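Peer 1: got a structure for you, letters missing:
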Ligand SMILES: CCCCCCCCCCCCCCCCCCCC(=O)SCCNC(=O)CCNC(=O)[C@H](O)C(C)(C)COP(=O)(O)OP(=O)(O)OC[C@H]1O[C@@H](n2cnc3c(N)ncnc32)[C@H](O)[C@@H]1OP(=O)(O)O
Ligand SMILES: NC(=O)C1=CN([C@@H]2O[C@H](COP(=O)(O)OP(=O)(O)OC[C@H]3O[C@@H](n4cnc5c(N)ncnc54)[C@H](OP(=O)(O)O)[C@@H]3O)[C@@H](O)[C@H]2O)C=CC1
């Protein structure tokens, strides 16, 4: 049987969400490990004043593609951007492009989605569900299509504790919801949202669950697989350790903790932190594409792509390794020395939020105001608290995922494919991974130079001295106020001072005797 790379040779691949975090890693791996792939058709929209082609050109300059560029400087010739806005009817693909895609595509990877936890339900439904439906109907017209791979999330069914590799009944019939929301205005939808999402924490997980149902309903004669990654983090090994380019999920939390801004967060020390490296997800996705096309399973296969059941690691351990990494490799211009703690206790967290977040922010903003600058720290903390509030649901409890299909797929691969498309997370060394992850946030998200680490350490020493001076002054101030008001405090103070004098005189006398 052909190896995975051999199978992708000569294939035309369609990718949605190619400009996103996972989409980019998928493109890079395909180009590097399947060098004979014919072409990657990517659906891209213009954004933030940049045309589609400008965006694609910028993306290809990204460091992520360095290894591909080394192997094949002309790799861009394999990339065919197709203009598409997924929220528009027909995905806003031109009739000529539809003709091209329906005649040549062999495999589709559907990665595009809105992954925001605070997305308005209407938009999340439009992008995560309706566009999936539209892409599937385009796929039905593709004459050479051999597999359709849909990227979902392990948290689509986070209202369950144990999650099998099956498509669960949807919370509501997607078509009924689409029809109902069509005539409602935004404020009505907003009012209804909490009742609709029910025991799910946000519109993201809710619409991803509906999307899975749509995939099943519209599968028709297509060969489909669903990949459900848990919390996707920086790369483990490929193309190089620690690659990450966004603040999503834990990355923003790690950065905020490394900058000394985040000091406390509600999370359970003992809950499993189901992180999964992005390269593992992509290797599994490409292998699943191959398996789906070659073996054509009779039903839609779901792959839970998680680490918790195989090689568990806990939030408490993550906290320890994140803090230790940032103390050894500090971020530039930290606000305070990194020292964050997680707690599952609501009141303790509220206390530390007040003492270590709000109070320093107010003080810092006061200093900024007094020096004629615009206050900013309270605004930063408000945004951080909003983000933390949305993530806490996931860091405070555990789930159990069945990963039989991931194991089955691993057993189907040849030894060489297992090496090239490695998704065996038993080999993952967590402390090393977390260290590379934190350094990756420094290098690739914040674009900081590793050669500046001595200056960053110096800055931390300065912050420590400021803190000691501040604490001493505060103590003296409180004590002075206390002494002025209480006779007992004065007596204790005179007693301590006289004890110090006695100790000093004894020390001086004994040192003169020994001379
Ligand atoms: C205590 C220290 C040790 C740590 C140990 C404990 C760690 C616990 C971590 C727990 C993490 C749990 C993560 C669970 C995730 C479950 C995921 C389910 C998996 C998935 O399927 S999907 C992927 C996950 N999706 C997300 O993560 C999206 C979440 N983000 C949002 O919904 C929005 O970004 C958010 C948070 C509502 C903010 O919205 P808004 O205020 O509108 O800001 P923008 O998004 O427009 O961003 C503006 C600007 O800020 C940057 N940004 C975004 N988030 C952060 C952040 N957390 N920290 C810092 N900066 C952030 C963003 O990049 C933008 O920058 P620009 O330069 O582009 O303006
Ligand atoms: N990151 C994670 O932790 C996890 C992600 N997933 C799933 O993986 C997939 C990829 O996630 P990730 O790469 O992290 O997400 P990103 O937010 O990084 O990427 C989303 C992609 O979707 C595209 N997109 C969004 N809206 C539109 C639109 N209206 N028209 C065209 N394209 C659009 C974006 O394009 P543009 O650049 O133009 O905005 C971008 O390429 C998603 O399906 C997500 O649900 C699952 C589990 C965890």
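Peer 2: Great, that's in hand. In this text the structure is predicted, and so the values were computed from the model without any measurement. Ligands and ions are numbered 1, 2, ... in the order given.
Peer 1: Need phi/psi at residue 486.
Peer 2: With angles defined as degrees, to the nearest 10, residue 486 sits at phi -130, psi 130.
Peer 1: so how many other residues sit close to it?
Peer 2: 12 (other CB atoms under 10 Å). C-beta here means a position set from N, CA and C on the backbone, and glycine is covered the same way.
Peer 1: cool, and residue 58?
Peer 2: Residues near residue 58, counting by other CB under 10 Å: 11.
Peer 1: Surely it is in contact with residue 50?
Peer 2: Yes: the pair residue 58 / residue 50 is scored as a contact, 7.3 Å apart, by CB atoms under 8 Å.
Peer 1: Show me what the helix or strand harbouring residue 470 is packed against.
Peer 2: Assigned by DSSP states H and E, residue 470 belongs to helix 453-485. Here helix 453-485 touches helix 487-514, going by 3 or more CB pairs under 8 Å, 6 or more residues apart in numbering; DSSP states H and E.
Peer 1: Please give me every residue in contact with whatever residue of the chain ends up closest to ligand 1.
Peer 2: In the chain, no residue comes nearer to ligand 1 than residue 252, which is 2.4 Å away by CB to the nearest ligand atom. By CB atoms under 8 Å, 6 or more residues apart in numbering, residue 252 lies in contact with residue 387.
Peer 1: go on, residue 390?
Peer 2: 117, 118, 201, 202.
Peer 1: Mark which of those residues are buried, thanks.
Peer 2: Taking 16 or more other CB atoms under 10 Å as the criterion, what is buried in the contacts of residue 390 is 117, 201, 202.
Peer 1: gap between the first one and residue 386?
Peer 2: Residue 117 sits 10 Å away from residue 386 when distances are taken as CB to CB, to the nearest Å.
Peer 1: ok so, going back, against ligand 1, which of the buried ones among the contacts of residue 390 make the cut? List them.
Peer 2: When contact is defined as CB under 6 Å from any ligand atom, those meet ligand 1 at residue 117.
Peer 1: Could you save the buried ones among the contacts of residue 390 as a markdown table and add columns showing distance to residue 270?
Peer 2: As requested, the buried ones among the contacts of residue 390 are exported to a markdown table (distance: CB to CB, whole Å):
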| residue | distance to residue 270 |
| --- | --- |
| 117 | 24 |
| 201 | 20 |
| 202 | 24 |
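Peer 1: Could you single out the nearest of the buried ones among the contacts of residue 390 to residue 17?
Peer 2: In terms of CB to CB, no member of the buried ones among the contacts of residue 390 lies closer to residue 17 than residue 117, at 17.4 Å.
Peer 1: The closest one and ligand 2, how far apart?
Peer 2: Look at residue 117 and ligand 2: by CB to the nearest ligand atom, to the nearest Å, they are 11 Å apart.
Peer 1: Equivalent analysis for residue 188, please.
Peer 2: The gap separating residue 188 from ligand 2 is 23 Å, by CB to the nearest ligand atom.
Peer 1: What residues does that residue make contact with?
Peer 2: Residue 188 neighbours (CB under 8 Å, 6+ apart): none.
Peer 1: pLDDT score assigned to it?
Peer 2: On pLDDT, residue 188 comes in at 95.
Peer 1: now do residue 378
Peer 2: So, for residue 378, pLDDT stands at 95.
Peer 1: Which residue is the nearest non-sequential neighbour of it?
Peer 2: Of all residues not flanking residue 378 in the chain, residue 361 sits nearest, at 4.7 Å (CB to CB, 6 or more residues apart in numbering).
Peer 1: circling back: can you lay out the contacts of residue 390 as TSV showing pLDDT?
Peer 2: Shown next, in TSV, are the contacts of residue 390 (pLDDT from 0 to 100):
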residue	pLDDT
117	96
118	95
201	97
202	97
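Peer 1: shaky segments in the protein?
Peer 2: Filtered on pLDDT under 70, the chain yields the residue ranges 512-515.
Peer 1: Identify the residue of it closest to ligand 2, quick one.
Peer 2: For the chain and ligand 2, the shortest gap (CB to the nearest ligand atom) falls at residue 20, measuring 2.0 Å.
Peer 1: How about that residue: what's its closest non-neighbour residue?
Peer 2: Nearest one to residue 20, counting by CB to CB, 6+ apart, is residue 111 at 6.2 Å.
Peer 1: so who does that neighbour touch?
Peer 2: So residue 111 contacts 15, 16, 17, 18, 20, 22, 23, 26, 151 (CB under 8 Å, 6+ apart).
Peer 1: next one: phi and psi at it?
Peer 2: According to degrees, to the nearest 10, residue 111 has phi -100, psi -20.
Peer 1: What's the separation between it and residue 493?
Peer 2: Applying CB to CB to residue 111 and residue 493 gives a distance of 67 Å.
Peer 1: Residue 112 is in contact with the residue of the chain closest to ligand 2, correct?
Peer 2: Yes: if you go by CB under 8 Å, residue 20 and residue 112 touch, sitting 7.0 Å apart.
Peer 1: Those two: which has the busier surroundings?
Peer 2: With neighbours defined as other CB under 10 Å, residue 20 and residue 112 compare such that residue 112 has more, 26 against 19.
Peer 1: Not counting sequence-adjacent ones, nearest residue to the more buried one?
Peer 2: residue 17 (3.4 Å).
Peer 1: Tell me how many other residues surround that neighbour.
Peer 2: Neighbours around residue 17, by other CB under 10 Å: 21.
Peer 1: Kindly report the residues of this structure close to ligand 2.
Peer 2: 17-23, 45, 47, 84-87, 111-115, 127, 151, 153, 208, 229, 231-232, 248-249.
Peer 1: Of those, grab the buried ones for ChimeraX.
Peer 2: Only the buried entries of the residues of the chain next to ligand 2 go into this ChimeraX selection, using 16+ other CB under 10 Å:
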select :17,18,19,20,21,22,23,45,84,85,86,111,112,113,114,115,127,151,153,208,229,231,232,248,249
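Peer 1: So which bits of the stretch 101-250 of the chain are right by ligand 1?
Peer 2: Contacts of the stretch 101-250 of the chain with ligand 1, taken as CB under 6 Å from any ligand atom, map to 115, 116, 117, 118, 153, 155, 231, 247, 248, 249, 250.
Peer 1: what ranges do the strands span in the stretch 101-250 of the chain?
Peer 2: 107-110, 147-151, 162-163, 224-229, 231-233 (DSSP state E, counting those that start in this stretch).
Peer 1: Who does the fourth one pair with, and is each partner parallel or antiparallel?
Peer 2: For strand 224-229, the paired strands and their directions (DSSP bridges) read strand 147-151 (parallel), strand 301-305 (parallel).
Peer 1: Could you list the buried residues of it?
Peer 2: Using 16+ other CB under 10 Å as the test for burial, strand 224-229 gives 224, 225, 226, 227, 228, 229.
Peer 1: Same question for stretch 241-253.
Peer 2: Residues 241, 242, 243, 244, 245, 247, 248, 249, 250, 251, 252, 253 are the ones in stretch 241-253 that count as buried (16+ other CB under 10 Å).
Peer 1: how about the helices in the stretch 301-450 of the chain?
Peer 2: 315-328, 346-352, 359-370, 377-395, 404-412, 415-420, 430-440 (DSSP state H, counting those that start in this stretch).
Peer 1: I appreciate the help and will end here.
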